[in-house]
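In: build me a structure from this.
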Amino acid sequence: MSEGTGALAELLAAGGVMVLSGAGISTESGIPDYRGPSGSLTRHTPMTYQTFTGDPAARRRYWARSYVGWRAMTRAVPNSGHHAVAHLQRRGLVAGIVTQNVDGLHQAGGAQTVVELHGSLHQVICLSCGDSSSREELDQRLTRANPQFGARATAINPDGDVELGEEEVNGFRMVGCRSCEGGVLKPDVVFFGETVPAERVRECYALVERARLLLVLGSSLTVMSGRRFVLHAAKLGIPVAIVNQGPTRGDTYAALAVDAPLGTVLPELVRLVDARTAVTGPP
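Out: Below you'll find the model as predicted:
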């Protein structure tokens, strides 16, 4: 048992938990995080909103890489951490889930009513007319437009793209929006340098305010996008618990921090919580 796991199980057994998850919960599904032990920032600079919207060549590069990466993303399956969160939610102990991830693995693992803070790679929007469509549909269109495109993924990045050579990128054909006949398409995710929709932020703050405990899973909390909810909980006197590999920028606000792989800790937490609630009854 990891140090602190027993104490964390006791906190979870009381219910009213809001989960805030980051890329670290998906690493065991084959999707690396940005800053942890498998962090991709050492070899990959994420696309920014300003570059995507202002540079047609950068958009082509993004979509070529993302087209290849999409196949790896669709092969990723939920791991024991995702299943553990869904289990705790079904038990009525987790009252809200906010994820900074764009991979959809919480929902694939059985979780319900997940707030996707940074959007979802499974949806595409048109920057010209605002139309929304599925990534599956776009993938079919891109496949028809690029019948000879044979590049393969080597290493997937958290935002769903891969590294490709310039010669492969230059041969990739783009497609535009069907609704407005040519509008610029963008994955419905919040790029670096882009603002999270205000209504979504308010929804997350409301979940924090109703929680008995804020549980952070697999996030270094380096950027304010997620860290602000920890700061809000601390300001309101709501306990914060963190499970992550390595230090986080929220550790000073945490009543409890467990430094261990989520795939090890979360199944153990489920076992301990189930044992406690079987004795004491539901919260």
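In: wouldn't Gln89 be in contact with Gln112 here?
Out: Yes: between Gln89 and Gln112 there is a contact at 6.6 Å, judged by Cβ atoms under 8 Å. C-beta coordinates here come from the backbone N, C-alpha and C atoms, glycine included.
In: looking at those two, which one has more neighbours?
Out: Gln89 (21 against 11; other Cβ atoms under 10 Å).
In: ok, now which ones touch that one?
Out: Gln89 makes contact with 97, 111-112, according to Cβ atoms under 8 Å, 6 or more residues apart in numbering.
In: need the residues you listed in a markdown table with distance to Gly193, can you?
Out: A markdown table is the format used below for those (distance: Cβ to Cβ, whole Å):
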| residue | distance to Gly193 |
| --- | --- |
| Ile97 | 26 |
| Ala111 | 29 |
| Gln112 | 31 |
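In: inside helices: which ones of the residues you listed?
Out: Residues of the contacts of Gln89 located in helices (DSSP state H): none.
In: how near is the spatially closest residue to Gln148 that is not a sequence neighbour to Arg61?
Out: Spatially, and ignoring its direct neighbours in sequence, Gln148 is nearest to Gly171 (7.9 Å; Cβ to Cβ, 6 or more residues apart in numbering). Distance, Gly171 to Arg61, using Cβ to Cβ, to the nearest Å: 12 Å.
In: which one's more surrounded, these two?
Out: Arg61 (21 against 14).
In: by contact count, what packs against the helix or strand Tyr67 falls within?
Out: Element membership of Tyr67, judged by DSSP states H and E, is helix 56-75. If you count contacts as 3 or more Cβ pairs under 8 Å, 6 or more residues apart in numbering; DSSP states H and E, helix 56-75 packs onto helix 49-54, helix 135-145, helix 166-170.
In: for the shortest one, list every residue counted as buried.
Out: Along helix 166-170, these residues count as buried under the neighbour rule (16 or more other Cβ atoms under 10 Å): 168-169.
In: following that helix, which helix or strand comes up?
Out: Sequence order places strand 185-189 as the next helix or strand after helix 166-170, per DSSP H and E.
In: compute the inter-axis angle for that following strand and helix 135-145.
Out: Strand 185-189 and helix 135-145 are oriented at 150 degrees to each other (axes from the mean of the first three to the mean of the last three Cα atoms, to 10 degrees).
In: buried residues in strand 185-189?
Out: Neighbour-count burial for strand 185-189 flags 185-189 (criterion: 16+ other Cβ under 10 Å).
In: how far does the worst-scoring helix or strand of the chain on mean pLDDT sit from its chain's centre?
Out: One helix or strand of the chain scores below all others by mean pLDDT, DSSP states H and E: helix 166-170, with a mean of 80. In terms of Cα atoms, centre = their mean, to the nearest Å, the centre of helix 166-170 is found 29 Å from the chain centre.
In: that helix packs against which elements?
Out: Packed against helix 166-170 by the contact rule (3+ Cβ pairs under 8 Å, 6+ apart) you find helix 56-75.
In: off-centre distance for the helix it packs on?
Out: With Cα atoms, centre = their mean, you get 18 Å for helix 56-75.
In: send the alpha carbons of it over as PDB?
Out: Output of helix 56-75 as PDB, limited to C-alpha atoms (Å, rounded to 0.1, in the frame of the first residue of the first chain):
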ATOM      1  CA  PRO A  56      -1.700  28.000 -43.100                       C
ATOM      2  CA  ALA A  57       1.500  25.900 -43.200                       C
ATOM      3  CA  ALA A  58       1.300  25.300 -39.500                       C
ATOM      4  CA  ARG A  59      -2.400  24.200 -39.900                       C
ATOM      5  CA  ARG A  60      -1.400  21.700 -42.600                       C
ATOM      6  CA  ARG A  61       1.400  20.400 -40.400                       C
ATOM      7  CA  TYR A  62      -1.000  20.000 -37.500                       C
ATOM      8  CA  TRP A  63      -3.700  18.200 -39.500                       C
ATOM      9  CA  ALA A  64      -1.200  15.900 -41.100                       C
ATOM     10  CA  ARG A  65       0.300  14.900 -37.800                       C
ATOM     11  CA  SER A  66      -3.100  14.700 -36.100                       C
ATOM     12  CA  TYR A  67      -4.500  12.600 -39.000                       C
ATOM     13  CA  VAL A  68      -1.800  10.000 -38.200                       C
ATOM     14  CA  GLY A  69      -2.100  10.400 -34.400                       C
ATOM     15  CA  TRP A  70      -5.900   9.900 -34.500                       C
ATOM     16  CA  ARG A  71      -5.400   6.200 -35.300                       C
ATOM     17  CA  ALA A  72      -3.300   5.800 -32.100                       C
ATOM     18  CA  MET A  73      -5.800   7.800 -30.100                       C
ATOM     19  CA  THR A  74      -8.700   5.600 -31.200                       C
ATOM     20  CA  ARG A  75      -6.800   2.500 -30.200                       C
END
